[in-house]
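S.K.: Using only what follows, build the 3D model:
(2 chains)
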Amino acid sequence: DTEVTQTPKHLVMGMTNKKSLKCEQHMGHRAMYWYKQKAKKPPELMFVYSYEKLSINESVPSRFSPECPNSSLLNLHLHALQPEDSALYLCASSQVGGGPIEQFFGPGTRLTVL
Amino acid sequence: GEDVEQSLFLSVREGDSSVINCTYTDSSSTYLYWYKQEPGAGLQLLTYIFSNMDMKQDQRLTVLLNKKDKHLSLRIADTQTGDSAIYFCAEAPYGGATNKLIFGTGTLLAVQP
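M.R.: Next up, the predicted model:
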C-alpha cells in the first residue's frame, strides 16, 4: 500500500468555524508533512513531524494547529481562518534517515474560506 | 530568500523530446528531485539524482546535473499526452538532514497530439 489518503476532498468554511483535515498512511513512514499550495504555485512546507514529534514549523500562524496522534495519522486543526488561507492542503509521508527523501503525497484537501 | 527557478511553460508535440530546466540555490543539497503534478492531484516523485553524479537515466527520463552552475534538467523522450502536467524540481537543503524539500516554481508541460 503506497497510498496517502486525505479527507475531506473539499471543505468550505466560514472565518469563525473550527474544522480539521485528516491524513493517513500505512507505509510505516515515520515522517509526515503538511504543505499549502496556492494556484499555479509550488507547495510550501508548513509542518514536519518526525517520529510523531513536531520537528519543523515554518512560522505558520497559530490558527493552524497540527497534531500527530500516532505514526499513521496526521491532523491539521483549523480555527479562525482568513480568506487568504484558501488553498490546496497536501499531506505527505516519507521514511526518516539518510539517503534520498521520497515523499509520497496525498491528493490534497481543497479548502475555501468564506 | 532566493527561489528555485524554472521556466513557466513548455509546449511540445507528441513524440518529441521535452527538456525542463531548473536552477537551484543550495549547493549542499545531497539529492535533487523531479516531481510531477497532474491536475487535481498530489505530487508524484519521478526521479532523483545524487549530487556526485552528472547524469542519470531512468527509462524515458534523463536527468542532467551541473553542480558548478547549480543547474538541473529533466529530459523526457518520446513525450506522450499523458505527460502533460506541472513538473517541479526540488532541493533538500542542509544536506537533507531535516527531511525538508524546497520546490521550484514549476513548469507546465503541454503536449499537443
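S.K.: what does chain B put close to chain A?
M.R.: By Cβ under 8 Å from any Cβ of the partner chain, the residues of chain B that approach chain A are B:31, B:33, B:40-45, B:48, B:50, B:88, B:92, B:96, B:98-106. Any C-beta I mention is one placed from the backbone N, CA and C, and that applies to glycine too.
S.K.: mind running it again at 7 Å?
M.R.: Applying Cβ under 7 Å from any Cβ of the partner chain, we find that chain B lies next to chain A at B:31, B:41-43, B:45, B:48, B:88, B:92, B:96, B:98-101, B:103-106.
S.K.: Of the residues you listed, keep whichever come out buried.
M.R.: B:31, B:42-43, B:45, B:48, B:88, B:92, B:96, B:98-101, B:103-106 (16 or more other Cβ atoms under 10 Å in any protein chain shown).
S.K.: tell me, what residue is most central in chain A?
M.R.: The C-alpha lying nearest the average C-alpha coordinate of chain A belongs to residue A:34 (Cα atoms, centre = their mean; 2.8 Å).
S.K.: That one against residue A:43, yeah?
M.R.: No. At 9.7 Å, residue A:34 does not count as touching residue A:43 under the criterion of Cβ atoms under 7 Å.
S.K.: Of all the residues in stretch B:60-78, which ones are buried?
M.R.: Under 16+ other Cβ under 10 Å, the buried positions of stretch B:60-78 are B:62, B:63, B:64, B:65, B:70, B:72, B:73, B:74, B:75, B:76.
S.K.: and the fifth one, what are its phi and psi?
M.R.: Backbone dihedrals for residue B:70, given as degrees, to the nearest 10, come out at phi 50, psi 50.
S.K.: Chain B: strands as residue ranges?
M.R.: Per DSSP state E, chain B carries strands over the ranges B:5-6, B:9-13, B:18-23, B:31-37, B:43-50, B:55-58, B:61-66, B:71-76, B:85-91, B:102-103, B:107-112.
S.K.: Ok, chain A next?
M.R.: For chain A, the strands defined by DSSP E cover A:4-7, A:10-13, A:18-25, A:31-37, A:44-50, A:53-57, A:64-70, A:73-79, A:87-94, A:104-105, A:109-113.
S.K.: and the angle from the fourth one to strand A:18-25?
M.R.: In this structure, strand A:31-37 runs at an angle of 130 degrees to strand A:18-25, with axes from the mean of the first three to the mean of the last three Cα atoms, to 10 degrees as the basis.
S.K.: and chain A, which residues reach chain B?
M.R.: Counting by Cβ under 7 Å from any Cβ, chain A sits next to chain B at A:31, A:42-43, A:45, A:48, A:50, A:56, A:90, A:94, A:96, A:100-103, A:105-108.
S.K.: Among the residues you listed, the buried ones, what's the PyMOL command?
M.R.: Entered in PyMOL, the line below selects the buried ones among these, by 16+ other Cβ under 10 Å:
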select buried, chain A and resi 31+42+43+45+48+50+56+90+94+100+101+103+105+106+107+108
